[in-house]
Each structure stands twice: as structure tokens, then as C-alpha cells.
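Participant: Fold the stuff below for me.
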Amino acid sequence: MKALLVFFLLSLTAGFAQNKTVPGIDASAIKTDSLPWDLNALSKAPAVEWLDQTGPVHSLLYQSADYEGKPTRVFAYYSNPDLIRGKATGKRTFPGVVLIHGGGGKAFKEWVEKWAADGYAAIAMDLAGKGADGQRLALAGPDQGDVDKFLKLEKAALKDMWTYQAVSSAILAHSLLRALPEVDASKTAVTGISWGGYLTCLVASLDNRFKAAAPVYGCGYYDESDIFKKPISQLSAGSRRKWMKFFDPSAYLPYAQPKFLFVNGNTDRFYNVIPYHKTYSLVSANQRTMCLIPNMAHGHEAGWIPHEIRYFFESVLNDGVPLVQVAPVVADDSTLRLAYQSPVSILTAEFHYSNDTTSLNEQRVWSKQQATVDPKTRTVTSPMPKEGFQYGFFYLKDHRNVSVSSPFLVN
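Facilitator: Next up, the predicted model:
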């Protein structure tokens, strides 16, 4: 009862964060008549309670969507470049980034530290209804197990599903971030890992206030995943169609407006070649950059280590030097050719390929061969593998050690 009273009083005022007026989401850009989220409501900064503002990373609770008819709060960490250096927040403004954890994850304090040190106001929230101590909050939303993500759909309302709640919480975190006086609301980005990458695809498609997005691993077409097609197959036919209609990123990515950096490996256990290829293909080629990292490990730390994400955000938000841009691969009987544009010269280039169509994605056998870089013509070439290939991609690194790739070539 006491927790409910505190939350009721908290919800009467959103604190200082709502004193700043910023534009909301343009909901008309999402051309569907069956959108379960109220994007206008999610555009407003939520009520917030700061739990600890004494250290370089602050902790807070903020109001999120009602769950099973009851109010909820979400735990999060926040920092910015002033705070991480032990300074009081001054008159400077910073770009902002929303950090979305994956399955089994939490609000990662160290992830916030990383981005604050890199020059960003950063917020990372817990999407399993837990606080800093890993215990369930008094006003918690759903946990992040398969029941709340999938099986519950047989009986539950859309608003009580984990995806609905997680998307709501991530967009509200963005609204809160944009309302903070030290955040430049015109320069915000989002990145997420695994299930957080899946959510990044959804959130960046629905929330067109973001200028840049970097989903790591996660993609759409969940009914074609080596792993996730299994819990989806346990649903009734009607519920399967319902899940894909409302909760699969493929339903919303065609409306996405931010610039995207798609980061994944070629042997990821959860997000395999074909659904991944279909997912990024929903975003126009001039709106996306690919970063397929050979044999990339799967995990939270592995997912936030690639510095390509920071370079990409800097190029979009702060007019930084862009990543290498590649044209579609041109193939003839003997040669694969890739044209590129880059302000930084290319250091290395490889072509990775596989003819293994029977193994699970994480067990697929890949080969690689060195490619030739011609800086005068700005082309990369590789001999056509003698045995041909079913899947392939070029992988390039420039002299900053920043990598990009071609999209997958699927024969």
C-alpha cells in the first residue's frame, strides 16, 4: 500500500525533466491501422524518482506502462560526460543514447559508464521488472522469460506481453533522456544487444525522434530463427499470426527513419543468415551500413565492444568522419567486385563464404580469402571461389581499425 501511495504521489509530477518541451513522435509516419502502442503518450517524459545522485552514475525509477491493470516503474542508470568526470552538470549539452540489454540482462552500469566517457548522456534500463539488487520491484512489469514473451499471448492482452512493455519502457526512457536539460534532443541514438537488438529494431522504427540506431545481433522474422521459431511454434496458429503482426520487427522496419548500423556475426546462434538478411533489407540501402564481423561472439560485453557503433553515431549525430560506404557487389564468372567510398584508406579486405546449407547457423563452416584493394579505382576484388558459394560477404577495415561489410550475398 505504501509503495502504491508513493507511486501515486510521484505520478502527479514528472519533476524537472518535464520542464523542457521537445517535439514528440510523428505517429502518422507509421502506416498501420493496428498499432498497439500510443506513441503520443509515450512521447511525454515520464514521472521520475532519483534514487542516488551522489556518484558518477545516477540511479532512478521512472513510470512506465500499466501492466495487468496496475502501474509500473522501471529501474535505470544514467550518466553524462560531466558526471562521469565528477563534475556538476553545467551548461554544456550532449548527444543522448538509450541502451537496451538482451535476454538475461539488466541495466548495466558499466555500459552507461562507457558511453558517458565517450561523450554521451546515456540511460540503461532494466526490462525484467528488477532493481539494482536483482530483486523484483514493488511495481514491476513482466519478467523476460518465454512465457511472458510468447506463450502468454494465448490468453493475455497485447498490453500485458513483454514486448509491449519493453518497447514502452525503452521509448519512455528516450522521452526522459530528451527532456533532461543537458541533453541535445536533436541528437539521440539507440543501441541494443540480442533481444535488445530486436527491441532496437522495433523502437527505432516506432520512435522517429532517434537519428541513429545500432541493433546488435537482433533482427526480425522470429518464426525463421534457429532458436526462436521453437517457442513461436508452440503457439496456436492464430496466436502465431498475432505475434508476428504486432511484435515482429518486420512489421515496422519499412517505416523506420533513423540511420541504421546493423552489427552481427556470420555464425550467431540466435540470429541466422536468412532472417537477418531479410530484416536489414527492409531498410533502404542508403539508410543503412552493414558491419558483419567474422565469427563474432554472442554476449552483452561482446555486443557493446565494437567501436564501430560509436564512430557511426558520431558520423550521424556530430558530423563525424563517416564509416566506409560500399556499393552492391558485382559478380561475373571469375571475379567479385565491390566499389567503396571512404575518407580513410582501407587497411585490409577479405571475402568470407560458405557452401554449408544444412548446419545450424552457429555450426556453419565458413572459408575466407584475401581480397585486393585498389585505392585508385576505390574497388575491392576477390576471385570467385572455385567451389562457388551459397552465402558470402566482404569484410573491410580502414586505418582507424573501423570495419564495415557488404550485406550477405545469398545465392
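
Participant: residue ranges of the helices in this protein, please?
Facilitator: Using DSSP state H, the helices found in the chain span residues 2-11, 39-42, 81-84, 109-117, 146-149, 162-179, 195-206, 229-233, 237-247, 273-280, 300-304, 308-317.

Participant: most packed of those helices?
Facilitator: helix 195-206 (a mean of 28; mean count of other Cβ atoms under 10 Å). Where C-beta positions appear, they are placed from N, C-alpha and C, glycine not excepted.

Participant: what does the average pLDDT come to for that one?
Facilitator: The pLDDT scores in helix 195-206 average 98.

Participant: Angles on the backbone of the spatially closest residue to residue 23 that is not a sequence neighbour, please.
Facilitator: Closest residue to residue 23 apart from its sequence neighbours, by Cβ to Cβ, 6 or more residues apart in numbering: residue 209 at 7.0 Å. The phi and psi values for residue 209, taken as degrees, to the nearest 10, are phi -80, psi -20.

Participant: Tell me which residues touch residue 209, please.
Facilitator: Residue 209 is in contact with 22-25, 43, 174, 178, 185, 188, counting by Cβ atoms under 8 Å, 6 or more residues apart in numbering.

Participant: Mark which of those are buried, thanks.
Facilitator: Buried by 16 or more other Cβ atoms under 10 Å: 24-25, 43, 174, 178, 185, 188, out of these.

Participant: From these, pick the one nearest residue 248.
Facilitator: Ranked by distance to residue 248 (Cβ to Cβ), those are led by residue 25 at 20.2 Å.

Participant: how close does that closest one sit to residue 129?
Facilitator: Plainly put, residue 25 is 25 Å away from residue 129 if you go by Cβ to Cβ, to the nearest Å.

Participant: try residue 337
Facilitator: Distance from residue 337 to residue 129, by Cβ to Cβ: 51 Å.

Participant: Comparing the two, which residue is more hemmed in?
Facilitator: Using other Cβ atoms under 10 Å, the more surrounded residue of residue 337 and residue 129 is residue 129, with 25 against 18.

Participant: wait, doesn't the more buried one sit right on residue 145?
Facilitator: No - between residue 129 and residue 145 there is no contact under Cβ atoms under 8 Å: 11.2 Å.

Participant: Which neighbours do these two have in common?
Facilitator: With Cβ under 8 Å, 6+ apart applied, the contact sets of residue 129 and residue 145 do not overlap.

Participant: Arrange the contacts of residue 209 in CSV, one row each, with distance to residue 155 and pLDDT as further columns.
Facilitator: Putting the contacts of residue 209 into CSV (distance: Cβ to Cβ, whole Å; pLDDT from 0 to 100) gives the following:
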residue, distance to residue 155, pLDDT
22, 38, 80
23, 38, 86
24, 33, 93
25, 30, 95
43, 30, 97
174, 31, 98
178, 36, 98
185, 40, 97
188, 37, 98
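
Participant: Which of the residues you listed sits closest to residue 117?
Facilitator: Relative to residue 117, the closest of the contacts of residue 209 is residue 188; by Cβ to Cβ it sits at 18.0 Å.

Participant: List the residues that contact that closest one.
Facilitator: Residue 188 is in contact with 95-98, 174, 177-178, 209-211, 317, counting by Cβ under 8 Å, 6+ apart.

Participant: Kindly provide the distance from it to residue 73.
Facilitator: From residue 188 over to residue 73 the distance is 22 Å, taken as Cβ to Cβ.

Participant: Name the residues linked to the nearest residue to residue 291 once chain neighbours are set aside by a beta bridge.
Facilitator: Among residues not flanking residue 291 along the chain, residue 263 sits closest, at 4.7 Å (Cβ to Cβ, 6+ apart). Bridge pairing for residue 263 (DSSP bridges) gives the partners residue 216, residue 291.

Participant: Residue 263: neighbour count?
Facilitator: Residue 263 has 26 nearby residues by other Cβ under 10 Å.

Participant: Equivalent analysis for residue 134, please.
Facilitator: 9.

Participant: What pLDDT is listed against it?
Facilitator: The per-residue pLDDT reported for residue 134 equals 95.

Participant: same check, this time on residue 33
Facilitator: Per the predicted model, pLDDT is 80 at residue 33.

Participant: ok, now residue 120?
Facilitator: Value for residue 120, per-residue pLDDT: 98.

Participant: shouldn't residue 288 be in contact with residue 263?
Facilitator: No - when contacts are counted by Cβ under 8 Å, residue 288 is not listed as touching residue 263 (11.2 Å).

Participant: how does the protein divide into domains?
Facilitator: Taking automatic domain parsing as the domain assignment, the ranges for the chain are 2-323, 326-410.

Participant: Where among these is average confidence lowest?
Facilitator: Here the lowest mean pLDDT among the domains of the chain goes to domain 2-323, at a mean of 93.

Participant: next one: it to chain centre, how far?
Facilitator: Relative to its chain's centre, domain 2-323 lies at 7 Å (Cα atoms, centre = their mean, to the nearest Å).
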